[in-house]
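>>> This is a predicted model, with the sequence first.
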Amino acid sequence: MPEAKTLPTKVLPDTQPFTLADLISQIKETPVPFAVMMVGLPGTGKTTFVNRLRAEIDVVVISTDDLIEGFAKEQGTTYDKAFYSLDRNELAKQALDKQKEAIANGKNVVIDQTNVGEKTRRRKLGAFRKAKYRQIAVECTARKSDIEWRQILRSEEGKTIPASVMQTMISGYQRPQASEGFTSIFTIES
């Protein structure tokens, strides 16, 4: 296995600095399956982190972005057009079905979505809690200027997030807490 590179970290209260190798070590220390919940605004590096983790460990990734991008590719259209034409309830159902299948097979799971609110996280983690999964939060942060720059780059690829949607996520952002059932909470700044 290639040596894991150190990720830039920003230590915040009640979190731990870490490297990808640290997380992999914690995951491998017990045979109990895990659910890693990514938490962060769009453009903070969640998917980049997930792709690095997926290269090291066999995981099922639950990502509505992946579903939208797959549909866009099938239809020969852009992410933005696919995003607005897809039924949100159908996307949620597909993600939930993938989660149920992973739990039924005892697979390790990464939820690669924004997950900015406690209520949303608790709802998504409920089935993992019942199945006795370890629940790990990875909170991704970035400077406002970096997030804005990444949003510009994404929009050039046909993947935009309206300013009003970003503002709603920012104003409703709640940091993950141990009281939600997380066994570990890690924070990275990208």
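Sure thing, it's come through.
>>> Run through the helices of this protein in chain order.
Taking DSSP state H as the criterion, the chain carries its helices at 20-28, 46-56, 64-75, 79-85, 88-104, 118-130, 144-156, 163-171.
>>> Need these in JSON lines (columns: mean pLDDT).
Converted to JSON lines, these look like this (pLDDT from 0 to 100):
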{"stretch": "helix 20-28", "mean pLDDT": "80"}
{"stretch": "helix 46-56", "mean pLDDT": "92"}
{"stretch": "helix 64-75", "mean pLDDT": "92"}
{"stretch": "helix 79-85", "mean pLDDT": "88"}
{"stretch": "helix 88-104", "mean pLDDT": "94"}
{"stretch": "helix 118-130", "mean pLDDT": "95"}
{"stretch": "helix 144-156", "mean pLDDT": "89"}
{"stretch": "helix 163-171", "mean pLDDT": "90"}
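>>> Which one of those helices lies nearest to A35?
A35 lies closest to helix 118-130 among the helices of the chain, at 4.2 Å (CB to CB). All C-beta spots, glycine's among them, are computed from the backbone N, C-alpha and C.
>>> so how far is the closest one from its chain's centroid?
Its chain's C-alpha centre lies 14 Å from the corresponding centre of helix 118-130 when counted by CA atoms, centre = their mean, to the nearest Å.
>>> now swap in stretch 154-174 and tell me
Put simply, stretch 154-174 sits 15 Å off its chain's centre (CA atoms, centre = their mean).
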